[in-house]
Each structure stands twice: as C-alpha cells, then as structure tokens.
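Student: here is my input; please provide its structure:
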Amino acid sequence: MNGTRWARMPAQVAALIAQGACEAIWTTRCVICDAPGTVLCTRCRLNLPYVDRWLACPRCGAPHGRVQCVDCNTFSLAAVGRTGIPFERCVSAIEHRGRARALITAYKDGGERRLAALIASMMSDTMPKSWLSDGVITFVPADAAALRRRGFEHMALIAHALERETALPCRRMLEKLPVADQRGLTRHERFANMAGAVRAAPLRTGKPVPERVILVDDVYTTGATLFAACDALHAAGVRDIRCVTFARVP
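Tutor: The predicted structure follows:
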C-alpha cells in the first residue's frame, strides 16, 4: 500500500464516522412516504407511475401515444411552428404525476442529492440497449437564476451518474439563457419563450463535436426546452440526437 493511499485513509474514516453520526441524529427517510431507512423505499419505487413502453409513442415517448400521438403529429407540431421533431427518439421513465412529482420536487427543490443516482438508474433502464453502443451524454443545464436558487446543477449530477451507469462519456455541451417562467404558459407560448434560449457551450480545445448525443433532462412537459436544446446541438454540428427524460407529463 503506497503512501498516498495511507494518507487518504484518515479522511475516509472521518467521513464514515461523520456519516454514521448524522444518520444516528437525522435518520434517512423516504422522500415520498417518510418511512425510515432509505431515501426512496422499495414500496414507493415499485409504485411509481412508470411509462409503459408498449403504449408510449415510438417517436416522442408520450405515455399513451402509440396509436395516435397528440404531441408529435403534424398538426400539433404546426401549431407551435415546427415541421418535425428535432430528435430521433425520446423515452421517459415515469409519468409526471402523484409520487413522481414528490420525488422530483424533493430532488430539485429539496436538495436531496442522493436521489441523483437512483434517478439515473431508472433512466438507464428506460434507454434502449442499442443506445449504449456509442455516443456522448449531455444535459439541459439550468439557467443562472435556477442554479443560484437550488445551489447545484441538478441535471449535471444525474448526467454524470448516468455516465457511470452506461459507461458512455458525459460532456457539458449546452448553456441556457434567462427566460420568463414557463409555468402558466400555453404550449405555443412555451415554444415561443424557449426559442433561442439554449445555445452550444464553447468547445474545449481538441474536443470534436460528437456525431451522436444522448440528451437528458428531468421533465418533458411540452417539449419546448428539449426542442430548443436539440436545435442548439444541431447548430453545433451534432447529427444524431436521442433524448431521455426522467418524467413525462401525460
């Protein structure tokens, strides 16, 4: 055992002792049902409203759009000024309702960062196996105001946890500009609000633009944010974009 490893051990032991002390004083509880033991208990995890892939739209992933999708058909897209979807396919792990809402709120606004790995695991399980052969993972970033409010980049944590789950590299490729609050806006207004609000981040020297990208976000509501992010990636030279979100508004 080398000296560097020995030097790290006191810090690691101290961290374990501190963790144990905190657990003794503030017992970990399920963010949904408040049962003690884990941050998300097995019962609540099993009872999340998972998207049924056999009922979901095979293009945009709408939970009940297999036969007739109202989110990505020609008329719905034309209503928001689009002629098509800017990604090859999108999949989502759960529907954004009930327990799922509580889980996302606990993570994003409650600061329960331990949920990042669990969320990434569920997203990884949702991704088609063919997506894992190559590509780069990137994420929709928060704008500066949201970052200050939450104190952490919530999608960066999930994206890096997904990197560990899939063994695909993760890179920050996007920047989000300030926009008006999306809450309360119609679908058309959301798309107009997000137009041009996401741009490609400066490339690091020697880092070429990847041909295939897996774009991750927390919630797909109308698609306005994902569409804007895809537009920025295409403008930067990305050719193939697959999207995965943790939740999808039904």
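Student: where's I85 relative to Y107, distance?
Tutor: Per C-beta to C-beta, to the nearest Å, I85 is found 27 Å from Y107. To be clear about C-beta, it is placed using only N, CA and C from the backbone, and glycine gets the same treatment.
Student: so E175, which of the three states?
Tutor: Following DSSP: H, G, I helix; E, B strand; the rest coil, the label given to E175 is strand.
Student: quick one: it and A228 touch, right?
Tutor: No. Under the criterion of C-beta atoms under 8 Å, E175 makes no contact with A228, lying 11.5 Å away.
Student: got any residues that touch both of the two?
Tutor: Common contact partners of E175 and A228 (C-beta atoms under 8 Å, 6 or more residues apart in numbering): V198.
Student: of I85 and Y107, which one has the most company?
Tutor: Ranked by neighbour count (other C-beta atoms under 10 Å), I85 and Y107 place Y107 first, with 25 against 19.
Student: so which residue is dead centre in the chain?
Tutor: D217 (2.9 Å; C-alpha atoms, centre = their mean).
Student: can you tell me the SS state at that residue?
Tutor: Secondary structure for D217, judged by three-state DSSP, is strand.
Student: count the neighbours of the closest residue to it other than its chain neighbours for me.
Tutor: Spatial nearest neighbour of D217, excluding adjacent residues (C-beta to C-beta, 6 or more residues apart in numbering): V140 at 4.3 Å. For V140, the neighbour count with other C-beta under 10 Å is 21.
Student: ok, V140 touching T225?
Tutor: Yes. Taking contacts as C-beta under 8 Å, V140 lies within contact range of T225: 5.9 Å.
Student: more neighbours, E175 and A228?
Tutor: Taking neighbours as other C-beta under 10 Å, E175 and A228 compare with A228 leading, 25 against 15.
Student: any idea how far the more buried one is from P86?
Tutor: From A228 across to P86, the span is 9 Å (C-beta to C-beta).
Student: next one: V209
Tutor: As judged by C-beta to C-beta, V209 and P86 stand 16 Å apart.
Student: helices along the chain, start to end?
Tutor: 3-25, 42-46, 74-79, 99-108, 115-126, 144-150, 154-166, 187-194, 224-236 (DSSP state H).
Student: winner for burial among those helices?
Tutor: helix 224-236 (a mean of 22; mean count of other C-beta atoms under 10 Å).
Student: let me see the mean pLDDT of that one.
Tutor: Averaging pLDDT along helix 224-236 yields 97.
Student: can you check stretch 136-156 too?
Tutor: pLDDT averaged over stretch 136-156 gives 94.
Student: alpha carbons only: can I get that stretch in CSV?
Tutor: C-alpha atoms of stretch 136-156 as CSV (Å, rounded to 0.1, in the frame of the first residue of the first chain):
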residue,chain,number,x,y,z
VAL,A,136,-21.9,11.2,-25.7
ILE,A,137,-24.2,12.1,-22.8
THR,A,138,-25.1,15.7,-22.3
PHE,A,139,-27.8,17.5,-20.4
VAL,A,140,-30.1,20.5,-20.4
PRO,A,141,-28.5,22.9,-17.9
ALA,A,142,-30.3,25.2,-15.5
ASP,A,143,-30.1,28.9,-16.1
ALA,A,144,-28.2,31.1,-13.7
ALA,A,145,-31.2,32.1,-11.6
ALA,A,146,-32.3,28.5,-11.0
LEU,A,147,-28.7,27.5,-10.2
ARG,A,148,-28.5,30.2,-7.5
ARG,A,149,-31.8,29.2,-6.1
ARG,A,150,-31.1,25.5,-5.9
GLY,A,151,-27.4,25.7,-5.1
PHE,A,152,-26.4,22.9,-7.5
GLU,A,153,-26.7,21.8,-11.2
HIS,A,154,-29.3,19.1,-10.8
MET,A,155,-29.1,17.7,-14.3
ALA,A,156,-25.3,17.6,-14.2
